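Chemist: what's the 3D shape of this:
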Amino acid sequence: MPLTKKHQRALDLIVLSLALVFSYMLRFDLTIPREELPNLALQLPYVVLIQFSLLRSAGVYAFIWRYIGIAETKTFVRWILLSTVPVTLLRFFLPAAGQSFRVPLSIIVIDAILAFGAIVGMRVLRRIIYEQYEHHRHAMNSNGHRKAVLLIGAGRAGLMTAREILQSSDSGQQIKGFVDDDPNKQGAVILGIKVLGPVCELPRLVRDLEIDHIIISIANASRRDFRRILDLCDGIPVKVRIIPSLNEILQGRLKLSRIRDVQVEDLLGRETVQLDEESMRRLYSGKTIMVTGAGGSIGSELARQIAAFCPTALVLVERSEFALFNVQRALERDWPKLTLVPLVADVGDKSRMRLIFKRYLPQIVIHAAAHKHVPMMEWNISEAIKNNVFATRSVGELAGEFGTEAFVFISTDKAVRPSSIMGASKRMGELAIQNLNWHFPTRYVAVRFGNVIGSAGSVIPIFREQISRGGPVTVTHHDMTRYFMTIPEASQLVLQAGALGAGGEIFVLDMGEPVRIFDLAKDTIILSGLKPFEDIDIVFTGVRPGEKLFEELEMNEEHMSRTQHPKIFIGKIAEYPDDQVRFALERLAQLTSREADSELRSFLNDFLPEAQIENCEPKAKEPATPVLARQAAAATAV
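Modeler: Numbering: from 1, shown residues only. Now for the predicted structure:
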């Protein structure tokens with residue numbers, strides 16, 4: 001039968017009474033003199049009453065003792081210290097007539113020690129019995145088949161991971177030890193689990209302890225940490241798993257079910273973004289925020305990030321009904337009190353967008369709607385211009401007309417010396433937004449960044465889909481590199497840039513080091529539990545229309561100036577005169593109306609001196625014969 005609060009209170013009264021009796025016994029060498037017994041009889045009721053009353057007022061009966069920790073123990077320390085105060089005061093200030101009610105100081109001290117130890121010890125014993133019962137029950141249910149695991153990282157995240165596994169009755173895992181490079185932790189014991197050695201000893205430990213899998217329990221592991229651990233594990237038959245992100249852990253939301261397989265995204269970036277939350281709160285809290293392209297990978301994450309700042313209303317504009325439904329449902333689940341306005345609309349439909357602005361009067365607009373796929377836009381030049389230039393200009397004008405405070409346009413690193421229609425259209429979108437900054441009081445800013453890991457149509461989901469079909473994995477060129485950023489990090493920095501902008505700036509996000517796509521393909525195969533070239537082939541298919549081998553962000557002092565945020569820079573990019581921008585937009589409108597693709601390419605090359613767009617249209621043709629990557633490598637070596 002479980003121990004109820006009523007039973008616990010009764011036990012506490014008995015324990016407190018016994019503590020005072022034993023205090024007298026210890027004071028008088030285990031034999032209480034006959035003349036002291038009446039004093040004990042008078043003192044016991046009021047001493048126990050004081051202690052029990054303060055115990056109840058401390059709220060200890062609300063504790064769940066299977067989760068007892070330091071915080072709960074501190075409550076008991078405060079309780080016992082407070083309970084000695086009235087008893088001590090009575091000892092000194094009772095009149096002579098109340099001599100028998102005065103508790104000797106030695107008894108007060110001994111009783112405090114015994115009462116504290118007994119009250120806390122009883123609860124600790126209860127937790128031990130409960131955990132032993134749970135372990136025994138789990139062992140019976142699992143028939144003794146439990147996977148041996150090692151935890152890499154004996155810090156706070158490792159402690160929480162270990163505790164979650166130990167307390168879970170259905171984890172099916174047995175922790176054999178911690179592994180940590182910190183020499184001060186070597187040999188230490190945490191929750192009864194020993195720190196067995198540094199990470200370099202993983203191969204020996206896996207072999208000697210017959211480890212089934214390893215859990216990386218380092219909350220702020222860097223790219224280098226992941227690479228080193230995975231390289232060590234590559235040669236040993238062990239599965240590598242990982243805990244959730246630092247934010248989930250520190251918010252106390254770590255669940256064993258969220259411990260997952262290592263993904264290639266972990267190799268590209270888990271560094272925590274430091275945000276100036278106060279400036280962002282001032283910009284987004286208590287206001288009506290509009291996000292266009294809200295059903296996309298970036299747009300939906302931006303909506304989630306904004307929801308955390310408690311806007312008055314969040315207006316979601318998306319032309320895909322299904323995508324809009326998905327983001328609306330997710331936001332309603334996580335933010336049930338948030339006012340959501342899901343609107344099916346095309347940002348290129350100015351009359352529809354005008355009605356939306358008139359009805360909801362958004363104070364901040366985050367413009368994430370765009371055509372972004374480089375090769376596809378080479379076949380759909382007019383549509384790229386319509387969406388990325390004219391729709392952007394149109395929504396920007398409406399923002400200014402209806403008094404929007406700030407307009408944030410999401411651009412791309414492909415706008416730097418563009419070699420594609422998509423990149424050139426985004427560069428024209430930047431110019432259109434910069435130009436609007438001279439015509440309206442609205443603060444117009446643009447934000448450039450590179451590829452976003454896991455976004456729709458990005459390379460990693462494509463690799464995974466190819467692997468699931470049995471391969472091959474296709475890479476366009478052996479030396480092609482790209483900058484990568486996680487969806488949450490990109491979204492956070494976009495919102496931060498919106499808070500920093502005074503108007504007219506083009507912000508550039510620091511994307512770190514570029515990553516070779518060929519290496520990314522190999523990592524994706526390895527993390528799928530397969531071997532490149534043995535289980536899954538990699539083939540080179542050739543650079544596609546509009547693609548560069550190397551993307552650029554111009555991250556140097558000559559082209560960038562710093563902001564107060566270490567990962568956000570302002571591009572020193574000259575604005576075009578108003579008459580030139582207007583001429584360019586008029587000419588683009590004429591060419592787009594009749595889908596004059598060749599002339600559009602020529603005009604963009606002429607108007608944007610930095611552009612390097614090929615003056616030839618892509619032609620339908622038989623695909624080039626793919627070259628197996630290992631054959632290409634061998635040919636290169638020769």
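
Chemist: need the contact list for the residue nearest to Arg78 when sequence neighbours are not counted.
Modeler: Leaving aside its sequence neighbours, Arg78 sits nearest to Ala58 (Cβ to Cβ, 6 or more residues apart in numbering; 6.9 Å). Where you see a C-beta, it was placed from the backbone N, CA and C, and this is true even at glycine. By Cβ atoms under 8 Å, 6 or more residues apart in numbering, Ala58 lies in contact with Thr75, Phe76, Arg78, Trp79.

Chemist: Mind checking what helix or strand follows the strand or helix carrying the last one in sequence?
Modeler: Read that as Trp79. Here Trp79, judged by DSSP states H and E, is contained in helix 70-93. Counting by DSSP H and E, the element after helix 70-93 in chain order, helix or strand, is helix 105-141.

Chemist: chain center to that next one, what's the gap?
Modeler: 38 Å (Cα atoms, centre = their mean, to the nearest Å).

Chemist: how much does it deviate in direction from helix 70-93?
Modeler: Interaxial angle, helix 105-141 versus helix 70-93 (axes from the mean of the first three to the mean of the last three Cα atoms, to 10 degrees): 160 degrees.

Chemist: Determine the set of other helices and strands touching helix 105-141.
Modeler: helix 5-27, helix 37-57, helix 70-93, helix 156-167 (3 or more Cβ pairs under 8 Å, 6 or more residues apart in numbering; DSSP states H and E).

Chemist: out of those, nearest to Val189?
Modeler: helix 156-167 (11.3 Å; Cβ to Cβ).

Chemist: Give me the buried positions along that closest one.
Modeler: Judged by neighbour count using 16 or more other Cβ atoms under 10 Å, the buried positions of helix 156-167 are Ala157, Gly158, Leu159, Met160, Thr161, Ala162, Glu164, Ile165, Leu166.

Chemist: Same list (those residues) but as CSV, adding pLDDT and distance to Met290.
Modeler: As requested, the buried residues of helix 156-167 are arranged in CSV below (pLDDT from 0 to 100; distance: Cβ to Cβ, whole Å):
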residue, pLDDT, distance to Met290
Ala157, 77, 37
Gly158, 80, 43
Leu159, 79, 43
Met160, 78, 39
Thr161, 79, 40
Ala162, 80, 45
Glu164, 75, 40
Ile165, 76, 44
Leu166, 74, 47
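
Chemist: Kindly indicate which of the residues you listed lies nearest Phe52.
Modeler: Leu166 (33.0 Å).

Chemist: Select the helix or strand of the chain having the lowest average pLDDT value.
Modeler: One helix or strand of the chain scores below all others by mean pLDDT, DSSP states H and E: helix 246-250, with a mean of 46.

Chemist: where in the stretch 101-250 of the chain is pLDDT low?
Modeler: Across the stretch 101-250 of the chain, the ranges flagged by pLDDT under 70 are 131-145, 167-171, 219-223, 234-235, 237, 244-250.

Chemist: swap the cut-off to 80 and go again
Modeler: Along the stretch 101-250 of the chain, the parts satisfying pLDDT under 80 run over 101, 124, 126-146, 156-157, 159-161, 163-174, 191-192, 217-250.

Chemist: now do the stretch 401-550 of the chain
Modeler: 449-461, 471, 482-490, 492-493, 509-515, 523-524, 526-531, 534, 543-550.

Chemist: try it again with 70
Modeler: For the stretch 401-550 of the chain (pLDDT under 70), the answer is 452-458, 511-512, 529, 545-548.

Chemist: what ranges do the strands span in the stretch 351-500 of the chain?
Modeler: Listed in chain order, the strands of the stretch 351-500 of the chain (DSSP state E, counting those that start in this stretch) span 364-367, 406-410, 443-448, 451-453, 473-475, 481-482, 484-486.

Chemist: Excluding covalently adjacent residues, which one is nearest to Thr442?
Modeler: Closest to Thr442 by Cβ to Cβ, 6+ apart is Gly400, at 4.6 Å.

Chemist: wait, isn't that neighbour in contact with Ile433?
Modeler: No. Using Cβ atoms under 8 Å as the test, Gly400 is too far from Ile433 to be in contact (10.5 Å).

Chemist: What's the local residue count around Thr339?
Modeler: Number of residues near Thr339 (other Cβ atoms under 10 Å) recorded here: 11.

Chemist: show me the contacts for the closest residue to it other than its chain neighbours.
Modeler: Distances taken as Cβ to Cβ, 6+ apart put Ala313 closest to Thr339, at 4.2 Å, once the chain neighbours are dropped. Residues in contact with Ala313, defined by Cβ under 8 Å, 6+ apart, are Thr288, Ile289, Thr339, Leu340, Val341, Tyr360.

Chemist: do you know how far Ala313 is from Arg354?
Modeler: Distance from Ala313 to Arg354, counting by Cβ to Cβ, to the nearest Å: 18 Å.

Chemist: got it, and Leu13?
Modeler: From Leu13 to Arg354 the distance is 74 Å (Cβ to Cβ).

Chemist: In the sheet, which residues pair with the closest residue to Gly501 other than its chain neighbours? Tell me.
Modeler: Spatial nearest neighbour of Gly501, chain neighbours left out: Val445 (3.5 Å); criterion: Cβ to Cβ, 6+ apart. Beta-bridge partners for Val445, by DSSP bridges, are Val408.

Chemist: how many neighbours does Val445 have?
Modeler: Counted with other Cβ under 10 Å, Val445 comes out at 26.

Chemist: quick one: it and Gly503 touch, right?
Modeler: Yes. Shown here, Val445 and Gly503 form a contact pair, counting by Cβ under 8 Å, at 6.8 Å.

Chemist: For Pro198, list the residues it contacts.
Modeler: Val179, Asp180, Asp181, Gln186.

Chemist: Buried only: go through these for me.
Modeler: Buried among those (16+ other Cβ under 10 Å): Val179, Asp180.
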